[in-house]
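Participant: A predicted structure for the sequence below; I have some questions about it.
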Amino acid sequence: MSVKRVRYYLFLRDILTLSLTAFGGPQAFLAMLLDRMVKARNYITEEELWELNALCNMLPGPSSTQLVSAIGFRVGGPNLAYLALLVWIIPATLIMTAAAAVIYFLEENTPGALNFAKFIQPMAIGFIIYAAQKTISKMIQTTEAMVLVLISTFVSFFYSSPYVFPILLIIGGLSTSIKYKKQPKLEKDQPLVIQWSNFYLWGGVLAFAAILGASTKYQPVILFENFYRNGSLIFGGGQVLVPYLYTEFVDFKHFLNSEEFLTGYAISQGVPGPTFSFSSYVGAFSMKEFGLMGFLTGGLIAAAGIFLPGIFMIFFVIRFWDQLKKYRPVRAALEGINAVSCGMLIAAAYLLFEPLEANLLNIFMILGTYSLLQFTKIASPWIIIGGIFSGILFNYFF
């Protein structure tokens, strides 16, 4: 076996290890990447890792998955990048798809079986509030950005249509890009040269899926288009995915109810790998009427739809990123896009709380979950397991 093939094999084995052990969110994931990909294997330098991470955070789509693929691209080109993508997403995708099937089976065959999730649902809101607080503290630095957060929160709450979100993102980006003169000038040492093939691929798949879905009304195609469109619009990581999916699949299409959605989101917090794998849970529920194969098909279609746009975009931008990041309007627009994403997240937390009974126990679980995440080092999976056992004990004794 050649040295190159051995290196590629080791790289994919490392990605598989990460996909099975990467608990704790983006910060823990970055620490694991630094330890394994930089210090242990020397696939890339530490400076390259932080640069690629910044690029992925500035693009729509799943940033951790884009980062894995970008490293694979640097190590072995597009083929290794796509293999790394599959190895990274498949374990979490299958786990969340199976979770959807089990939850639905329990609902249908054992009345009251979901009582174990009694506390899981308010705990999921605690996770979202914590994510919103962390995101806002990191991304919101100016008064103008905070105003955009408030406006987008208001609009997202009262007009929770999936078609409103992209408009808000565009308006947010344009509103801050006009302040580009506040950004420091960077010397452009060479002209911007763009290879458009992956951009055309991204747009072509989006247009083709929309046209095919509208003409055939075939649910798997429509489902792929729904997730592909959402994956093309989401800035800010997995937590920002929540308002998009809730609005489209719970409020508008009623493929699952609020209780099922919150239970799945909480379970996803205890699963290693990409947080966007929650989409597979929603996709599986969206095809529940087709039986077990429907769950599997829906989960895989959702994964393909949600992950592909971000991968096409990272492959498109990475080739000319060094030149693009020197343009001030591009850097200025990100402030508005991130602010709008934060507003959507705040609105999502409230919209998800609405269906719950507003009692002291639910409020205590929300605040308790947030406090554990904020003030302790207890890992998310242990918090979820604790919530499940608490629900079981509560139903047994009360």
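Facilitator: Now that the structure is in, tell me what you want to look at. It should be emphasised that the depicted structure is a prediction, and the values quoted were computed from it without experimental measurement.
Participant: how much space between Gly61 and Phe199?
Facilitator: Relative to Phe199, Gly61 is positioned 14 Å away (Cβ to Cβ, to the nearest Å). Any C-beta I mention is one placed from the backbone N, CA and C, and that applies to glycine too.
Participant: Give the residues shared as contacts by these two.
Facilitator: Common contacts of Gly61 and Phe199 (Cβ atoms under 8 Å, 6 or more residues apart in numbering): Met313.
Participant: neighbour count winner among the two?
Facilitator: Comparing Gly61 with Phe199 by other Cβ atoms under 10 Å, the one with more neighbours is Gly61, at 24 against 15.
Participant: Go ahead and list the helix or strand containing the nearest residue to the more buried one once chain neighbours are set aside.
Facilitator: Counting by Cβ to Cβ, 6 or more residues apart in numbering, Gly61 lies nearest to Gly310, which is 2.0 Å off, once chain neighbours are set aside. With elements taken from DSSP states H and E, the one containing Gly310 is helix 291-317.
Participant: re the thing from before, okay but the residue nearest to Gly61 is in contact with Ser64, surely?
Facilitator: No: counting by Cβ atoms under 8 Å, Gly310 sits too far from Ser64 to count as a contact (9.9 Å).
Participant: now the one helix or strand Ile385 maps to: how far from the chain's centre is it?
Facilitator: Per DSSP H and E: Ile385 is located in helix 380-397. The chain centroid and the centroid of helix 380-397 are separated by 25 Å under Cα atoms, centre = their mean, to the nearest Å.
Participant: What mean pLDDT does that helix get?
Facilitator: The pLDDT scores in helix 380-397 average 79.
Participant: ditto for stretch 298-315
Facilitator: On average, stretch 298-315 scores 91.
Participant: Can you show me the CA trace of that stretch as CSV?
Facilitator: Only the C-alpha atoms of stretch 298-315 are listed here, as CSV (Å, rounded to 0.1, in the frame of the first residue of the first chain):
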residue,chain,number,x,y,z
GLY,A,298,-36.7,10.1,5.0
GLY,A,299,-33.6,10.2,7.3
LEU,A,300,-31.2,9.7,4.5
ILE,A,301,-32.9,12.2,2.2
ALA,A,302,-32.9,14.8,4.9
ALA,A,303,-29.2,14.2,5.6
ALA,A,304,-28.3,14.5,1.9
GLY,A,305,-30.4,17.7,1.6
ILE,A,306,-29.1,19.5,4.6
PHE,A,307,-25.4,18.6,4.2
LEU,A,308,-24.9,19.0,0.4
PRO,A,309,-25.4,22.7,0.0
GLY,A,310,-22.7,23.6,2.6
ILE,A,311,-20.3,21.2,1.0
PHE,A,312,-20.8,22.6,-2.5
MET,A,313,-20.3,26.1,-1.0
ILE,A,314,-17.1,25.3,0.9
PHE,A,315,-15.6,23.7,-2.3
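Participant: What number of residues are in the vicinity of the nearest residue to Phe127 once chain neighbours are set aside?
Facilitator: Of all residues not flanking Phe127 in the chain, Gln269 sits nearest, at 5.3 Å (Cβ to Cβ, 6+ apart). The local packing of Gln269 (other Cβ under 10 Å) involves 26 other residues.
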